[in-house]
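>>> Sequence and predicted model, in that order:
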Amino acid sequence: MKKLLLALFFLTSAFIISCDLNSDTSDDEDTTLPSEEETSSTPSESDPASRSWNQVTASAAWTARHSFGAVTYDNKMWIMGGEDSSFNELNDVWSSTDGITWTEVTSSAAWSARQDMAVVSYDGKLWVMGGYDGNGDSLNDVWYSTDGSTWTEATSSAAWSARDSMRVIVYDNKMWLLGGYDYDEWPQNDVWYSTDGVNWTEATDSAAWPKRETLDVVVFDNKMWIIGGTNDETLYNDVWSSSDGIIWTEVTGSAAWSARYGKGVIVYDNKIWVMGGSYSFSQLNDVWFSADGSTWIQSMDSVLWSGRNSMVVTSFKDKIWLMGGRYLLDLLNDAYSW
């Protein structure tokens with residue numbers, strides 16, 4: 001529900017701004033979000049690999065959802081949690097070895113139903129932490145499992161404040177948590193790390209990048225990278241990197257892809273990939289890649305999947321996988337590979 005309100009906020013804001021611009025011919029600064037034409041560079045003539053997108057399934061066994069978690073673990077793809085079309089938060093767990101046949105590992109995990117939580121594979125375990133419970137509260141509990149069915153609570157209250165829409169990655173043999181939305185203090189730009197999920201150390205309480213939620217974080221070129229995000233009022237398409245989580249370098253303040261929320265980001269083929277997401281009235285299905293985080297090239301491959309946001313993107317069996325998400329008010333449970 002929270003993500004729906006965010007989407008409606010941007011849709012309403014874009015409509016109001018459009019009306020204001022149509023009725024005002026003054027020289028005031030234009031505050032509209034950039035259009036695709038303004039932000040897109042000429043697409044590349046060839047892609048880094050001679051392959052194409054394939055629809056693996058139009059309707060997976062798991063119910064359509066958005067803002068859920070996905071991870072590769074134990075030679076399977078795993079999806080869990082999120083919110084369904086009836087605005088119910090979920091705590092089911094599913095796995096698959098091929099993206100076609102999905103097994104429900106549990107319909108109700110020990111951790112409470114939630115969306116926008118962090119999911120990661122670390123130390124031979126699946127981890128779930130934080131998120132939004134659908135009742136106006138964010139969480140800061142941490143859970144782990146070796147099989148996706150039996151879950152153990154590492155801590156009911158981590159040192160970082162309760163939040164959702166943050167990101168957790170594995171870097172330097174630690175789990176790192178960055179940013180997110182704290183309902184008391186709003187978007188955050190703090191950075192934390194842990195080796196056990198119980199004890200957390202704050203690397204910085206105020207990183208150089210602006211406070212944000214729905215940020216994307218990846219490990220690339222022996223650094224942590226932050227790719228875009230939003231602070232509920234501003235959409236970002238900046239890129240930052242750090243080797244220690246404390247000192248951050250702005251690689252670019254405005255990437256070639258348009259600022260957006262709910263996009264997918266992944267590292268694959270020694271490049272960072274950005275795809276999909278939304279802004280204003282646009283549901284995007286463009287795909288971009290970069291070898292340095294600064295120069296971005298738009299893929300020319302034909303994209304079969306519809307424009308969407310709040311989907312999951314993961315890497316499995318030497319392919320990029322994109323699954324589920326939301327197109328306007330419609331939720332999806334399809335799966336594509338590239």
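Received, thanks. Residues are numbered from 1 along each chain as shown.
>>> host element of the residue nearest to Ser299 when sequence neighbours are not counted?
In this structure, Ser299 finds its nearest non-sequential neighbour in Val287, 4.1 Å apart by Cβ to Cβ, 6 or more residues apart in numbering. For glycine as for every other residue, the C-beta is placed from the backbone atoms N, C-alpha and C. Taking DSSP states H and E as the definition, one finds Val287 inside strand 282-290.
>>> next structured bit after the least confident helix or strand in the chain by mean pLDDT?
One helix or strand of the chain scores below all others by mean pLDDT, DSSP states H and E: helix 36-39, with a mean of 31. Using DSSP H and E, the helix or strand that follows helix 36-39 in sequence is strand 54-57.
>>> Return the set of residues that bridge with Val217.
Residues in a beta bridge with Val217, per DSSP bridges, are Ile226.
>>> which residues in this protein form helices?
Secondary structure of the chain by DSSP state H: the helices cover 2-23, 36-39.
>>> isn't Met323 right up against Ser337?
No. With contacts counted by Cβ atoms under 8 Å, Met323 stays clear of Ser337, the gap being 9.5 Å.
>>> Pull up the overlap in contacts between the two.
Jointly contacting Met323 and Ser337 under the rule Cβ atoms under 8 Å, 6 or more residues apart in numbering are Gly99.
>>> More neighbours: which of those two?
A direct count of neighbours by other Cβ atoms under 10 Å for Met323 and Ser337 places Met323 higher, at 27 against 19.
>>> Quick one: the strands in the stretch 151-300 of the chain, in order.
152-155, 167-171, 174-182, 186-194, 201-204, 216-220, 223-230, 235-242, 249-252, 264-268, 271-279, 282-290, 297-298 (DSSP state E, counting those that start in this stretch).
>>> what would these look like in a markdown table with mean neighbour count?
Shown next, in a markdown table, are the strands of the stretch 151-300 of the chain (neighbours: other Cβ atoms under 10 Å):
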| stretch | mean neighbour count |
| --- | --- |
| strand 152-155 | 16 |
| strand 167-171 | 19 |
| strand 174-182 | 25 |
| strand 186-194 | 21 |
| strand 201-204 | 15 |
| strand 216-220 | 19 |
| strand 223-230 | 24 |
| strand 235-242 | 22 |
| strand 249-252 | 15 |
| strand 264-268 | 20 |
| strand 271-279 | 24 |
| strand 282-290 | 21 |
| strand 297-298 | 19 |
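>>> Which among these is found nearest to Thr314?
Thr314 lies closest, by Cβ to Cβ, to one member of the strands of the stretch 151-300 of the chain: strand 264-268, at 6.9 Å.
>>> Can you spell out which helices and strands pack onto that closest one?
Counting contacts by 3 or more Cβ pairs under 8 Å, 6 or more residues apart in numbering; DSSP states H and E, strand 264-268 packs against strand 216-220, strand 271-279, strand 312-316, strand 319-327.
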